[in-house]
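*Asks:* Generate coordinates for the sequence data below:
(one chain, ligands or ions: 1)
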Amino acid sequence: MNALEMRQVTKVHGAGAGEVRALRGVDLSVQPGQMVAVMGPSGSGKSTLLTIAGGLEEPTSGTVHIGGVALSGLSRNQRARLRRRGIGYVFQDFNLLPGLTAVENVALPLELDGVPARRAREAAMTALAELDVADRARAFPDDLSGGQRQRVAIARAVVGPRDLLLADEPSGALDSANGEAVMRLLLAACKRGVAAVVVTHDAQLASWAHRVVFLRDGRIVDQTRPTPGPDSLLTPEATR
Ligand SMILES: Nc1ncnc2c1ncn2[C@@H]1O[C@H](COP(=O)(O)OP(=O)(O)OP(=O)(O)O)[C@@H](O)[C@H]1O
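*Replies:* Next up, the predicted model:
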């Protein structure tokens, strides 16, 4: 079963003269453990694709299935639960809450989902440790570097039993070494069976995905299996 399946998805923003056709019949399937990179010029519909894939916006037409479940068949509450439990998001601006410490930010989605505070905190600490920022757990976002904020945002996205990760330019604000580190972390999650869709402008980062999809004017115009592919980033030498 596909972790994500979009069929003939269209999205029209606005109406009348101001109408924008952001997506025009997108088909996209992502299997568990697979990372798909999405590339395309500004305005081609990449962010729209991601928000619809994550159930944050509804398509104008077409269907979205997550883990075999049709989003259109769910109530608002059921959809919210699926988003919280099954999907991790990494957005360009990281979206960390400034009034919460790093560990509180990471624990929040679990707590919202009813996990007792102590257990949520433990899981959050484990995720931060995996991302090498456990020593900053008690810091507030404003006191973290860009790279540390990025890691905390990824920890929050991967904490708990996620099936799907959606990342919009996750390396946007980072230098190339940190950008590569981010891809490695996302790929490590894929190794555990998580599916990922990653929007990036960076062809080098995209080349580590299992598949690269090119969007233009709301349509998928090309798909490739890149070389070197994910294994090159996950060899023992690379992860050392
Ligand atoms: N809420 C909205 N209302 C109206 N138009 C929108 C809205 N969101 C996106 N659009 C338009 O839809 C089109 C696709 O936008 P989208 O943000 O998905 O592209 P993108 O490929 O992610 O661009 P970028 O690389 O610049 O982030 C653009 O023409 C954009 O202006």
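*Asks:* Provide a list of residues in contact with the spatially most central residue of the chain.
*Replies:* Compute the mean C-alpha point of the chain, and by Cα atoms, centre = their mean the closest residue is Leu166, 1.7 Å away. Taking Cβ atoms under 8 Å, 6 or more residues apart in numbering, we find Leu166 in contact with 50, 53-54, 87-90, 196-197. Heads up, the C-betas are built off the backbone N, CA and C, glycines and all.
*Asks:* Show me which of these is closest to the ligand.
*Replies:* When these are ranked by distance to the ligand (Cβ to the nearest ligand atom), Leu50 comes first, at 7.8 Å.
*Asks:* Need the pLDDT of the closest one.
*Replies:* Turning to Leu50, the model gives it a pLDDT of 94.
*Asks:* and the spatially closest residue to it that is not a sequence neighbour, what helix or strand is that in?
*Replies:* With sequence-adjacent residues excluded and distances taken as Cβ to Cβ, 6 or more residues apart in numbering, Leu50 is closest to Leu166, at 5.1 Å. Per DSSP states H and E, Leu166 falls inside strand 164-168.
*Asks:* Can you pull the residues of the protein lying near the ligand?
*Replies:* The chain has residues 13-14, 20, 22, 40, 42-48 near the ligand, with proximity defined as Cβ under 6 Å from any ligand atom.
*Asks:* correct me, but Leu82 touches Val69?
*Replies:* Yes. Leu82 lies in contact with Val69 (Cβ atoms under 8 Å); the separation is 7.0 Å.
*Asks:* More neighbours: those two, which one.
*Replies:* Leu82 (19 against 15; other Cβ atoms under 10 Å).
*Asks:* which stretch of helix or strand covers that one?
*Replies:* helix 76-86.
*Asks:* Within the sheet, what are the partner strands of the helix or strand just after that helix, with directions?
*Replies:* Using DSSP H and E, the helix or strand that follows helix 76-86 towards the C-terminus is strand 87-90. Taking DSSP bridges as the criterion, strand 87-90 forms sheet pairs with strand 164-168 (parallel).
*Asks:* Could you figure out how far the strand it pairs with is turned away from helix 76-86?
*Replies:* Orientation of strand 164-168 against helix 76-86 (axes from the mean of the first three to the mean of the last three Cα atoms, to 10 degrees) gives an angle of 90 degrees.
*Asks:* From the chain's centroid, how far away is strand 164-168?
*Replies:* 1 Å (Cα atoms, centre = their mean, to the nearest Å).
*Asks:* re the thing from before, by neighbours, which of the contacts of Leu166 wins?
*Replies:* Counting by other Cβ under 10 Å, top hit in those: Ala196 with 29 neighbours.
*Asks:* nearest spatial neighbour of Val198, skipping sequence neighbours?
*Replies:* Using Cβ to Cβ, 6+ apart, the nearest residue to Val198 is Ala167, at 4.6 Å.
*Asks:* Tell me who's in contact with that neighbour.
*Replies:* Taking Cβ under 8 Å, 6+ apart, we find Ala167 in contact with 89-90, 157, 186, 196-199.
*Asks:* Which secondary structure element of this structure has the lowest mean pLDDT?
*Replies:* In the chain, no helix or strand scores lower on mean pLDDT, DSSP states H and E than helix 236-239, which sits at a mean of 49.
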